[in-house]
Structure formats: structure tokens, C-alpha cells
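Visitor: one predicted model, sequence on top.
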Amino acid sequence: MKTPATISAGVVIVHRGPGQWRYLLLRVYNFWDFPKGLVEAGEEPIAAAIREVEEETTLANLIFCWGQEFIETEPYAKNKIARYYIAESKQTEVMLPVSPELGHPEHDEFRWLEYSAARSLLVPRVQAILDWAETRLQK
């Protein structure tokens, strides 16, 4: 019998820069990704995604211009699946607060990057999420 997938939820956060969108990427060790985290028992994935963004970046008041459309990764890392939504942030000031559980920030660095620069930092699984988001932004 297959073990049920662990679900994490996150947001591809974008900000309209001069003439183009910029994507918020977070780095932990050498791995870049969008803000995301585990969906807690009884929690809706969209609520988990919003909570994780605020916990990891302090960004709030996201604008879900693209509704609640999402994309999910293929299973990875012990049958985990990550679901991503897209939202715009008018705010670009990001803080990486200390996680009470870890005693330090969950991430080492953040960057706002245009599409090609963002894509160059991502592994193929996360590149697919970025490509999906870029397609939605161009509509």
C-alpha cells in the first residue's frame, strides 16, 4: 500500500518591477525555492500557503489576482508534494524572521529576480513551477 503524500503549500510571489515581473526566491543552504511549508491537520492548503509566506518572509496582504489556481509538483523526498499558488505583493521589503522552532531564520537569503535569473537558480522541479507562473503572468 502506497503511503499518502505529505502536502506542503506555497506561493510564487511576484512584484511588478520596471517593465517586468520579479519573483521572490528564498535560499536555504544551496537550494532556492518559493516560500512554502507543510499543511497542518485541518488546514486548507491556501491558508497554509498564506501562513507560511508570512512566517518565512513577513509579507502579508498578498493579492491573488490569478484566483486560487495552483500547480503541484510530482512526488519527491519521501512522497512529498508541493502545491503552489501565485500572488502579487505590492511590498518588496522582506524580512527573514527567526523561527521559534529552529532558533534561527528558516532561510539564509532572499532575492527578487526577473524570470531568466530566477530560473537559473532553480532545480528542474521548481523550474517547472516558475515556468507555469510565467505563463500565467503573460496572459
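Guide: The structure has been received and is ready for your questions. Residues are numbered from 1 along each chain as shown.

Visitor: residue 131 belongs to a strand?
Guide: No: assessed with DSSP: H, G, I helix; E, B strand; the rest coil, residue 131 is helix; it does not lie in a strand.

Visitor: contact partners for it?
Guide: By C-beta atoms under 8 Å, 6 or more residues apart in numbering, the residues touching residue 131 are residue 119. Using the backbone N, CA and C atoms, a C-beta is placed for each residue, glycine as well.

Visitor: what residues are up against the residue nearest in space to the middle of the chain?
Guide: By C-alpha atoms, centre = their mean, the chain has its centre lying nearest to residue 34, at 2.8 Å. Shown in contact with residue 34 (C-beta under 8 Å, 6+ apart): 10-13, 23-26, 84, 126, 129.

Visitor: could you do residue 63 as well?
Guide: Residue 63 neighbours (C-beta under 8 Å, 6+ apart): 87-90.

Visitor: what's the pLDDT at it?
Guide: What the model reports for residue 63 is a pLDDT of 97.

Visitor: quick check: it vs residue 88, distance?
Guide: Using C-beta to C-beta, to the nearest Å, residue 63 is found at 4 Å from residue 88.

Visitor: buried stuff in stretch 75-95?
Guide: 81-89, 94 (16 or more other C-beta atoms under 10 Å).

Visitor: equivalent analysis for stretch 40-59, please.
Guide: 45-46, 48-50, 52-53, 56-57, 59.

Visitor: the longest strand seen in the chain: partners in the sheet, and parallel or antiparallel?
Guide: Looking across the chain with DSSP state E, the single longest strand is strand 6-17. Looking at strand 6-17 with DSSP bridges, its partner strands are strand 20-28 (antiparallel), strand 36-38 (antiparallel), strand 80-88 (parallel).

Visitor: between these, which one is nearest to residue 5?
Guide: strand 80-88 (4.5 Å; C-beta to C-beta).
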